[in-house]
Structures are given as C-alpha cells and as structure tokens.
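Asker: Need coordinates for the below:
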Amino acid sequence: MPNGHSSQTRLGAVWRIVRMHAEMLTRTLQDFLSEAAGAVVLEDGAVAFDLAQAKYSISGEHNKCVLHLWSAERNTVRRVLDAEVKNGALRLAVQRMGQARPSKLEICRERDRRSPSAKRAARMAYGQKLRRALERTFPGFAVARLTSGADLEKSFGPVYARGVIRRGQSAFAVLGVNERETQASIDAALTFGILWMDGCRGNPHFSQNRGEVGHPTRLVEGLILFVPRRSSAVVRERMAHLNRGAAKWRLFEFDEREDAVVEVDSSDRGNIATRLVHAVNETAALERFAESIGKINAILPNCEVAVLSGAEVSFRWRGLEFARARLGGEKPHPSTGSGQAFSQNRGEMGHPGSFHCPQELESGMLNPLHCGQEIVFGVGAEERVLEERNFAFFVQLLTAVRERRHPYGPRQDRLFRMHAERWLESLVVTDVSVVDERLETAVRYSQVPAFSAADRAMIDVLTVTREGRLAVVELKADEDIHLPLQGLDYWARVEWHHARGEFARFGYFEGRELAGEAPLLFLVAPALHVHPATDVLLRYIAPEIEWVFVGIDERWREGVRVVFRKRPGDRVHGLFRVPLAG
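Answerer: The predicted structure is shown next:
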C-alpha cells in the first residue's frame, strides 16, 4: 500500500510538471505573439505564414501546448515541445500531427532575417553598383562619395545609399535602396529621399544660399531616386503628387543582376493602379447579424459594431477588435479534430482556414438560412471559434478589455496599448467635425480599403464637407515620419476614383451629391508626437493639394481636442508654433 501511494504521488508530481510546462509554453507564445503583429513564421527556412494576414490560436488543453496557424493558402497544426526567445525571434521545437520526430519552427518579429554582417555586405556592394550606374546614366556628372552610414539626428538609417552628383553649378541629391531590403523600406524611400535632398540644400557645399569661402555655390536642383526592378508603384504614385516647382523629381528602377537602369515616368497623375470596392449595405448586414450582435452586447454593452462586408461584422471596444461574426458553412465533423482532414474553407477543430464571401452577399440576395453563423474571438492575429467550452474564457477576455482599455487604464498593459490609432479613429468617427467644423458628422466611412498594384491599405476615415467635398482623414497616435506621404498616397487614390465618378457608382455617400473639387486632406496626430521631419515633407507636397495638419491634445483618449492647425499658407517654421485658428 505504501508503495502504491508513493507511485501515485510521483505520478501526480510528474503530471503537475507536464501541466506547468504546457502552461509556461502557452504563456510564452501568447506573450511573444501579442507583441509581434507583423511577424513571419518560418518552417524549414522558408516563410510559411505572415501574421499581417494569417491568424493563429494557441491551446493549452490536455497538458499540451498546440499552435494552430492558418491563412488563405495553408493550414498548420503543431504541438509545441519547447520554446526559446533569442535575438528577437521565438524558436520552437514542434511536433507534426502523426509524426514522432520533432522539427523546428521560428517566429521572427523582423521580416528581414539577414544577419547584421550580411546586411552590411549587401549594402556596401550596392553602393559600388549604384556608383557605376550613376556614372553610366549621368555622363559628365561627378559622383560624390556615397554613404549608407546611420545619421540618427537626421533620421537616416543604414538602409539607404545616399550621395550627390554634380556638374558645374548644378547638383542632384541621390538616394537608392537595394533589392534585398523589404518592400516597406522601398516604399519609404521617397520620404528619406526628400529629407536627404532638403539636407543637401542646407549644406554649404551645395546650397545656393549658403556658399562659404573656398566652396563654389551650387544649386541642388532635385532628387534622383533608385529603387529595385518592379517595385516602384507606391513611390511613383507618391512622387507624382509632389511640388514640381520646388524640385525636379526623377525615379529609376535599377536591376542589379542585369546592371540595367530604366527611368520611370513619375509625372503622370492619371495612371494610378488602384481599385475601389463596393460600399456594403450596412443596414442589411446589421439585420443579418442581429442575433450575434445581441449575444455580444449582452456581455459587453455599447461595444462598437463595424460592418466589414455583407458576410462579416467586427466587434470592437475603443477601436480594439475582440471578435467577429461571420457567415460560413457548417462546422467540420468531430472526426476531423485529429488534424488529418480539412474542409475546403475551414481548418480542423472548428477553426477557419479561409473565408470566401459568396457574390450573392454583396448584392443582398443571400438567404441567411442557407448559411451558418459563427463568432470568432481574440485580439491581434489570435483567433478561436466561440463554443460552449471556451465561453467562460471569452467572457474573461471581454471583462479584461473593458477594465483595462479606458482613458485611465494601466498604460503598460497590452490591451491598453494595442492599436492606439484604432482607438483614436473610434473617437474621431463618433464626431469627425472635431477635426474640422466643415466636416459632415452623419456620413463617413472608416477603414476604407485602398487597393493598389503593390499593396492593400486602409484609409482611416473618408467623409465629406457640408458642401459635399470629399475629405480624407489620416490619423497617427504616435510619432510617424511617414504620415505626410502616406496621407498623400491615400488622397491620390481617392482623387483618382472621384474624378471617374466611382464613389457614387459604387454606392458611397448615397443620396449626396459630391462636389467636383479635389478632396481635402487632413493629417491628425498628437501635438507632442509630430515627427520633426514633418514640416519639411509638407513643404514639398504639390500646391494644388489642399491639406490641413491638425495637432490634438496628448490626452486624446479622454476626448479629442484640437490645439493647433497648420495649412500650406502658414509659413511659420515648426509645427508647434502654429496657433489654433480662431
């Protein structure tokens, strides 16, 4: 009897250790992934999932830590055996379903996974290639020393090669980015190119106004920008709307492998690669999901309900999405819970793989009796289907969101910090006239898809003035050097569709006659979180684009209050010194 009791005690201790290990692994994954919204998941050295588009769920049931990842292309389930955070990456020992031998999975916060030495080598080699390309493309110009050294004071990192070419009294600033950098870095090249050019104009070696004894005075006429082959779409669209009276702008695609340079026409403003999606019948969608909306409102009253499509609605609390309700097929049979079988559009264990909205939904012809409804929940990329077994956990999540995500909540808590721009957006959408009294409060759209050939982005707020003039409102809750050109990008897409009458044709602003004028552009950010380079970038936007920079009080979570506005005609240097009009 004593031996039996001792065996049970040892067995119980072993199971407690196993359970604690599973719980520890689960917490490690949850903590890492909650702070890694744009991470990539590598398996066998290749990118398997991009968490900017994919979803995941973590299960710690039955003394096992199970990670489930899915996207439109694939669906993966792995049991996690061990985890280690090293050099900004989460390295996992995992086990495939039905296989005994462990394998490796790596989750990287940084999309560029090269070592620092590999990055330096690639950038040094690119600098030499760029010099040769400049000498061939601009004969007669002398190429000043190219550098990719960091200059944090002027916001320059090592990603971009920078230099100047000169001939006589004329000079051009040059900036290039190599093909191994991320697409985000390539798209951002114009921002840093403008800042580099403006800095060169202030340099006594090149400025027309600041010549020094012994140095010839030169005019930096403009910017020459080099980007990799077939990657210039976003940069070209933005460059097309810069002030051509303030500088000369030239854009080239550089094929490093073929050592070939091709100039891209950045002056054509009528050729934007973009498309608009049809406006959704929100009334019909809200009626379709009335039961799901009622269920969630019973737990968290007055939460925000955003219609994403005729087949899906989003539930948010102060901008933070915590659940979605959507139409889909019937749930898989329990026999698929082993992970060995999947339906066409759904993953195993009741988790969605990819959801395809039938065409009938957009036309309002779908009979909801033919489709089941499900609620999925989680914050960030984490997602699980709401079922009886996890209902208590769902209630705990909503309680935590309500208790922590409020103006006076714990500022270090992730639920408080997540998606600050969505929080700000939720306040602005409630009364967009706080940004400008001309804006109409009754008719506005938030998170409008803005598709282009190169990316899929979301316009924060699209609205109209009381006179029917379109207005684009771009919001930033934190300091962001790219705010002016990102807003310019969205403005250009809206202007393009407006000029072709597509907003009325696609169901936007129904019953309202839109004015023929070009849209207004509002850039909104907390007054003390405006990047110092913003003033420079705004000076180079085309003069025909009517923009307003709106600085708001830092305590915007308590209520949005404007503290200053700056317009193109304001010549006071520095955004912070511009008084509030009126």
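Asker: contacts and neighbour counts: CA atoms only from here.
Answerer: OK.
Asker: Point me to the helix or strand that includes residue 316.
Answerer: Per DSSP states H and E: residue 316 is located in strand 312-317.
Asker: That strand pairs with which strands, parallel or anti?
Answerer: strand 304-309 (antiparallel), strand 320-328 (antiparallel) (DSSP bridges).
Asker: Dump the longest one to CSV, keeping only the CA atoms.
Answerer: Pointing back at strand 320-328 there. What follows is strand 320-328, C-alpha atoms only, in CSV (Å, rounded to 0.1, in the frame of the first residue of the first chain):
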residue,chain,number,x,y,z
LEU,A,320,-9.7,47.2,-30.4
GLU,A,321,-11.2,44.3,-32.3
PHE,A,322,-12.0,41.4,-30.0
ALA,A,323,-14.5,39.4,-32.0
ARG,A,324,-16.1,38.9,-35.4
ALA,A,325,-19.3,37.3,-36.5
ARG,A,326,-19.4,35.8,-40.0
LEU,A,327,-21.3,33.6,-42.3
GLY,A,328,-19.9,30.2,-43.2
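Asker: any idea how far it is from the chain center?
Answerer: 20 Å (CA atoms, centre = their mean, to the nearest Å).
Asker: same thing with the shortest one?
Answerer: Using CA atoms, centre = their mean, the distance from the centre of strand 304-309 to the centre of the chain it belongs to is 19 Å.
Asker: and if you look at stretch 39-58?
Answerer: That offset, for stretch 39-58, works out to 16 Å (CA atoms, centre = their mean).
Asker: Sort out which residues of that stretch are buried, please.
Answerer: 39-42, 48-51, 54-58 (16 or more other CA atoms under 10 Å).
Asker: Next: stretch 244-260.
Answerer: 244, 247, 249-256.
Asker: Farthest pair within these?
Answerer: Maximum pairwise distance among the buried residues of stretch 244-260 (CA to CA): 28.8 Å, between 244 and 256.
Asker: Hmm, residue 427 and residue 559 touching each other?
Answerer: Yes - counting by CA atoms under 8 Å, residue 427 is a contact partner of residue 559 at 7.4 Å.
Asker: Which strand residues bridge residue 164?
Answerer: Note on residue 164: beta-bridge partners residue 173, judged by DSSP bridges.
Asker: got a list of what it touches?
Answerer: 143-146, 171-174 (CA atoms under 8 Å, 6 or more residues apart in numbering).
Asker: Format these as JSON lines; extra columns: distance to residue 237.
Answerer: Shown next, in JSON lines, are those (distance: CA to CA, whole Å):
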{"residue": "143", "distance to residue 237": "28"}
{"residue": "144", "distance to residue 237": "29"}
{"residue": "145", "distance to residue 237": "29"}
{"residue": "146", "distance to residue 237": "26"}
{"residue": "171", "distance to residue 237": "25"}
{"residue": "172", "distance to residue 237": "21"}
{"residue": "173", "distance to residue 237": "20"}
{"residue": "174", "distance to residue 237": "19"}
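Asker: ok, those vs residue 188, which is closest?
Answerer: residue 174 (14.8 Å).
Asker: Number of residues surrounding the closest one?
Answerer: Number of residues near residue 174 (other CA atoms under 10 Å) recorded here: 26.
Asker: quick one, what contacts it?
Answerer: Taking CA under 8 Å, 6+ apart, one finds 162-165, 193, 197, 223-226 in contact with residue 174.
Asker: Does anything pack onto the lengthiest strand in the chain? Which helices or strands?
Answerer: For the chain, the longest strand by residue count, based on DSSP state E, is strand 439-452. Judged by 3 or more CA pairs under 8 Å, 6 or more residues apart in numbering; DSSP states H and E, the packing partners of strand 439-452 are strand 274-275, helix 420-430, strand 456-465.
Asker: Mean pLDDT, mean neighbour count and distance to residue 68 for these - can I get that in TSV?
Answerer: Listed next are these as TSV, based on pLDDT from 0 to 100; neighbours: other CA atoms under 10 Å; distance: least, CA to CA, whole Å:
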stretch	mean pLDDT	mean neighbour count	distance to residue 68
strand 274-275	75	16	33
helix 420-430	94	20	27
strand 456-465	80	20	25
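Asker: pull the helix or strand with minimum mean pLDDT from the chain.
Answerer: Ranked by mean pLDDT, DSSP states H and E, the weakest helix or strand in the chain is helix 359-363, scoring a mean of 36.
Asker: list the buried ones in the helix or strand following that one?
Answerer: For helix 359-363, the following helix or strand on the C-terminal side (DSSP H and E) is strand 372-377. For strand 372-377, burial by neighbour count (16+ other CA under 10 Å) applies to 373-377.
Asker: re the thing from before, select only the buried ones of the contacts of residue 164 in PyMOL?
Answerer: Of those, the buried ones go into a single PyMOL selection, burial set by 16+ other CA under 10 Å:
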select buried, resi 143+146+171+172+173+174
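Asker: Reformat the buried residues of strand 372-377 into CSV and put pLDDT and distance to residue 72 next to each item.
Answerer: What follows is these, written out as CSV (pLDDT from 0 to 100; distance: CA to CA, whole Å):
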residue, pLDDT, distance to residue 72
373, 88, 19
374, 93, 18
375, 95, 19
376, 94, 16
377, 94, 18
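Asker: Give me the local confidence score for residue 161.
Answerer: Here, the pLDDT recorded for residue 161 equals 95.
Asker: circling back: nearest to residue 104, of the helices and strands packed on strand 439-452?
Answerer: Of all these, strand 456-465 comes closest under CA to CA, at 31.3 Å.
Asker: gap between that closest one and the chain center?
Answerer: Relative to its chain's centre, strand 456-465 lies at 14 Å (CA atoms, centre = their mean).
Asker: Next secondary structure element downstream of it?
Answerer: Next along from strand 456-465, by DSSP H and E: strand 470-475.
Asker: Could you pull up the mean pLDDT of that next one?
Answerer: Strand 470-475 comes out at a mean pLDDT of 95.
Asker: May I have the strands that pair with it, each with its orientation?
Answerer: In its sheet, and by DSSP bridges, strand 470-475 pairs with strand 456-465 (antiparallel), strand 520-526 (parallel).
Asker: Reformat the buried residues of stretch 39-58 as JSON lines; add distance to residue 106, pLDDT and secondary structure.
Answerer: As requested, the buried residues of stretch 39-58 are exported to JSON lines (distance: CA to CA, whole Å; pLDDT from 0 to 100; DSSP: H, G, I helix; E, B strand; the rest coil):
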{"residue": "39", "distance to residue 106": "10", "pLDDT": "85", "secondary structure": "coil"}
{"residue": "40", "distance to residue 106": "8", "pLDDT": "87", "secondary structure": "strand"}
{"residue": "41", "distance to residue 106": "6", "pLDDT": "90", "secondary structure": "strand"}
{"residue": "42", "distance to residue 106": "5", "pLDDT": "88", "secondary structure": "strand"}
{"residue": "48", "distance to residue 106": "10", "pLDDT": "86", "secondary structure": "strand"}
{"residue": "49", "distance to residue 106": "11", "pLDDT": "88", "secondary structure": "strand"}
{"residue": "50", "distance to residue 106": "12", "pLDDT": "86", "secondary structure": "strand"}
{"residue": "51", "distance to residue 106": "13", "pLDDT": "84", "secondary structure": "coil"}
{"residue": "54", "distance to residue 106": "15", "pLDDT": "85", "secondary structure": "coil"}
{"residue": "55", "distance to residue 106": "16", "pLDDT": "85", "secondary structure": "strand"}
{"residue": "56", "distance to residue 106": "14", "pLDDT": "88", "secondary structure": "strand"}
{"residue": "57", "distance to residue 106": "16", "pLDDT": "86", "secondary structure": "strand"}
{"residue": "58", "distance to residue 106": "15", "pLDDT": "86", "secondary structure": "strand"}
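Asker: That concludes my questions; thank you for your assistance.
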